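Undergrad: sequence plus the predicted model coming up.
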Amino acid sequence: MAEPLDNTASPKQGFDTVLIANRGEIAARIQRACSELGLKTVAICSEADRQALYGKTAESFLCIGPANAAKSYLNQDAILLAARLTGAGAIHPGYGFLSENAAFCEAVERAGFVFIGPEASSIATMGDKISAKRAMIAAGVPCVPGPDASLPDDPASIERIAQEIGYPVIIKAAGGGGGRGMRVVPEACSLHEAITLTREEARQAFGSPVLYMEKYLQHPRHIEIQVLCDTQGNAVWLGQRDCSMQRRHQKVVEEAPAPGISPDAIRPVGMACAEACRQIGYRGVGTFEFLYENGAFYFIEMNTRLQVEHPVTEMTSGIDIVHAQIRVAQGEPLDLLQDDMRCEGHSFECRINAENPDSFLPSAGIIADLALPEGPGIRVDTHIHAGYRVSPYYDSLIAKLIVHAPIRAEAMAKMREALAATRVEGIATNLPLLRALFEDETFIRGETDIHYLEQWLKQRRPT
Ligand code: ADP
């Protein structure tokens, strides 16, 4: 249990020191942003991450626990203690780990620190997919057909709901995440078995058996909208990203803007997202995720945090999203209007993972040698260096390669060159797969949906 928290403490908005409650590339990214804003940083690490370079350049660097994330990066008490000991005024959760944990957000603020993210109530509303859907419908955001209510227990009522939606349907856990707790039901005969299995899975994985049902879209693209909101009621959307290139619901390549979707088609959806933020009193950065099929957008969920793929939006909007996020947390009003927003050129991001490109098994070990690409319009977000030991304990993301060029074809060519110039020796990476993907005709034409990568992987010979 947490030690008694001081309920009387109120967050100090004018903080000058930020504790970064994360690791890897995003910890390095946040640290850079803090330094640029003249803020001091506190880096934390597990025993497996003592080598982190961002730790050496932070004002304080504390090891808060063993390699096991449950005892370090997810250890709320240890993080709060580190913040107290170092005089931090704010905590940036990054992505993953505690970033979408409403209880952590609450504990941070009750202890008198600023949580660089939305209020706990926003995290809780959006963390429950049914309440999120309800809030989106109220704000006029288009959602996947299906009731914004949990499934009843009675089999006849469930069958009726499925028939009204029309098969195929998808059963989803209200508290689900990470691509788990979902089951597609192609026809009526498998409905009840699917419900029983998903309920049990949801109970075990998310501690809640609550399910809901919606239409299963067969060939959608994954399109998402980045928003930025201050505490004075201003909200803007910064454009859209296409993240359809996924394997097992994990994004591999992202781009902005989404190819083939006109500004006129996306504008009303972006405006509705900004309006939804105003209605729920959202603060900070967030992402509305949509499925896009036959010219229509369908909301699936909101991520109430910074996302891995935020750089492609930074490249096309010219806005440093992490700077903006920190300024908003300091109580500053947004210094941009929706009409000032621009989407210039085209950007791609490749996630370089320490994994076997054929089996996808994680690859740990020492990076014997490293060559990273350079040049105009090329950005690499990473925490690795030659001699760095990639540990087996965490996500396999070791670097993000980002490019920007005036048009999509040029950005693709730039990415091809950048991938060719990237060398990571000593461990296996997915670089061969990324290089092959950027030669693929369907991807080059911008005609991929969320199933494309998995089908492509099945068809292609091992590298
Ligand atoms: P999670 O929170 O687990 O990431 P999401 O609701 O974001 O769950 O869905 C993850 C992925 O599952 C989507 O990117 C999409 O590939 C698929 N998916 C979710 N809902 C639907 C749907 N209604 N139709 C088709 N695919 C869906």
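TA: Now that the structure is in, tell me what you want to look at. Residues are numbered from 1 along each chain as shown.
Undergrad: which residues of the stretch 1-150 of the chain lie near the ligand?
TA: Contact residues (CB under 6 Å from any ligand atom) of the stretch 1-150 of the chain with the ligand: Val144. (Each C-beta comes from the backbone N, C-alpha and C, glycine too.)
Undergrad: of all of the stretch 1-150 of the chain, which residue lies closest to the ligand?
TA: Val144 (4.5 Å; CB to the nearest ligand atom).
Undergrad: so who does that residue touch?
TA: Val144 makes contact with 214-215, 217, 291, 298-300, according to CB atoms under 8 Å, 6 or more residues apart in numbering.
Undergrad: 7 Å instead?
TA: 214-215, 217, 291, 298, 300 (CB atoms under 7 Å, 6 or more residues apart in numbering).
Undergrad: again, but for Ala421
TA: Neighbours of Ala421 in contact, by CB under 7 Å, 6+ apart: 371, 373.
Undergrad: what is Ile171 paired to in the beta sheet?
TA: When assigned by DSSP bridges, Ile171 has beta-bridge partners Arg183, Met213.
Undergrad: any idea how many residues pack against it?
TA: A count of nearby residues for Ile171, using other CB atoms under 10 Å, gives 25.
Undergrad: renumber starting at 710 from here on
TA: Okay, residue one is now 710; in that scheme the one you just asked about reads as Ile880.
Undergrad: didn't it look like it was pressed against Ala903?
TA: Yes - look at Ile880 against Ala903 with CB atoms under 7 Å: they come within range, at 5.4 Å.
Undergrad: anything in contact with each of those two?
TA: Joint contacts of Ile880 and Ala903 (CB under 7 Å, 6+ apart) are 892, 894.
Undergrad: write out the residues of the stretch 910-1059 of the chain neighbouring the ligand.
TA: So far as CB under 6 Å from any ligand atom goes, the stretch 910-1059 of the chain lies against the ligand at 923-926, 929, 931, 958, 998, 1000, 1009-1010.
Undergrad: any quick PyMOL command for the buried ones out of those residues?
TA: Buried subset of these, written as a PyMOL selection, criterion 16 or more other CB atoms under 10 Å:
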select buried, resi 923+924+925+926+929+931+998+1000+1009+1010
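Undergrad: pick out the residue nearest the middle of the chain.
TA: The centre of the chain sits closest to Gln1016, judged by CA atoms, centre = their mean, with a distance of 3.3 Å.
Undergrad: residue ranges with poor pLDDT in the stretch 760-909 of the chain?
TA: Scanning the stretch 760-909 of the chain for pLDDT under 70 picks out nothing.
Undergrad: how about the strands in it?
TA: Secondary structure of the stretch 760-909 of the chain, counting by DSSP state E, counting those that start in this stretch: strands at 769-774, 799-801, 823-824, 878-882, 891-894.
Undergrad: elements contacting the third one?
TA: Contacting strand 823-824 under the criterion 3 or more CB pairs under 7 Å, 6 or more residues apart in numbering; DSSP states H and E are the following elements: helix 811-819.
Undergrad: tell me how far the helix it packs on is from the chain's mean position?
TA: Here the centre of helix 811-819 is set off from its chain's centre by 20 Å, with CA atoms, centre = their mean, to the nearest Å.
Undergrad: which element, helix or strand, includes Leu1110?
TA: strand 1106-1114 (DSSP states H and E).
Undergrad: tell me what that strand is packed against?
TA: So strand 1106-1114, by 3+ CB pairs under 7 Å, 6+ apart, packs with helix 733-745, helix 1019-1026, strand 1055-1062, strand 1087-1091, helix 1117-1130.
Undergrad: for it, list the C-alpha coordinates in PDB.
TA: Below are the C-alpha coordinates for strand 1106-1114, written out as PDB (Å, rounded to 0.1, in the frame of the first residue of the first chain):
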ATOM      1  CA  LEU A1106      11.300  -1.200 -29.500                       C
ATOM      2  CA  ILE A1107      14.900   0.100 -29.700                       C
ATOM      3  CA  ALA A1108      14.600   3.100 -32.100                       C
ATOM      4  CA  LYS A1109      12.100   5.000 -34.200                       C
ATOM      5  CA  LEU A1110      13.200   6.200 -37.600                       C
ATOM      6  CA  ILE A1111      11.200   9.100 -38.900                       C
ATOM      7  CA  VAL A1112      11.400  11.000 -42.200                       C
ATOM      8  CA  HIS A1113       9.700  14.000 -43.700                       C
ATOM      9  CA  ALA A1114       9.500  15.200 -47.300                       C
END
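Undergrad: and that strand, how far from the chain's centre?
TA: 15 Å.
Undergrad: which residues are in contact with it?
TA: For strand 1106-1114, the external contacting residues (CB under 7 Å, 6+ apart) are 733-734, 1020-1021, 1024, 1054-1063, 1086-1091, 1093, 1099, 1120, 1123-1124, 1127-1128, 1131.
Undergrad: 6 Å - rerun?
TA: Residues outside strand 1106-1114 that contact it (CB atoms under 6 Å, 6 or more residues apart in numbering): 1020, 1024, 1054, 1056-1063, 1086-1091, 1093, 1120, 1123-1124, 1127.
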